[in-house]
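K.L.:
What follows is a protein structure lacking sequence information:
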């Protein structure tokens, strides 16, 4: 996750906002596979990142 944070830190604010919105849209559009522990962990990490980003930047 640190790589993602570093990438977003180097982006222009508008670009970062659009990228976070795109991540949130992808999560909403893709079905979750609750039986797959990797899917659950990945989804939880990305959802946490999106929520944290929005909490700090809105």
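P.N.:
Arrived safely. Since we're looking at a predicted model, the values are computed, not measured.
K.L.:
Strands of the chain, start to end?
P.N.:
Under the criterion DSSP state E, the chain carries no strands.
K.L.:
quick one: least confident helix or strand in the protein?
P.N.:
In the chain, no helix or strand scores lower on mean pLDDT, DSSP states H and E than helix 2-9, which sits at a mean of 74.
K.L.:
chain center to stretch 20-32, what's the gap?
P.N.:
8 Å (CA atoms, centre = their mean, to the nearest Å).
K.L.:
so residue 53 touches residue 18, yeah?
P.N.:
No: between residue 53 and residue 18 there is no contact under CB atoms under 8 Å: 11.8 Å. The way it works is simple: take the backbone N, C-alpha and C, and place the C-beta from them, glycine included.
K.L.:
ok, those two, which is more surrounded?
P.N.:
Counted by other CB atoms under 10 Å, residue 53 and residue 18 do not tie: residue 53 has more neighbours, with 19 against 12.
K.L.:
Around the closest residue to the more buried one other than its chain neighbours, count how many other residues there are.
P.N.:
Nearest-residue entry for residue 53: residue 20, 5.0 Å, with adjacent residues in sequence omitted and distances by CB to CB, 6 or more residues apart in numbering. Residues near residue 20, counting by other CB under 10 Å, number 21.
K.L.:
show me what contacts residue 20?
P.N.:
Residue 20 makes contact with 8, 49, 50, 53, 54, according to CB atoms under 8 Å, 6 or more residues apart in numbering.
K.L.:
what about the protein, any weak spots by pLDDT?
P.N.:
1-2 (pLDDT under 70).
K.L.:
How far off centre is stretch 23-42?
P.N.:
The chain centroid and the centroid of stretch 23-42 are separated by 11 Å under CA atoms, centre = their mean.
K.L.:
what does stretch 32-52 give?
P.N.:
Distance, stretch centre to chain centre, for stretch 32-52: 9 Å (CA atoms, centre = their mean).
K.L.:
what comes up buried for it?
P.N.:
For stretch 32-52, burial by neighbour count (16 or more other CB atoms under 10 Å) applies to 43, 46, 49, 50.
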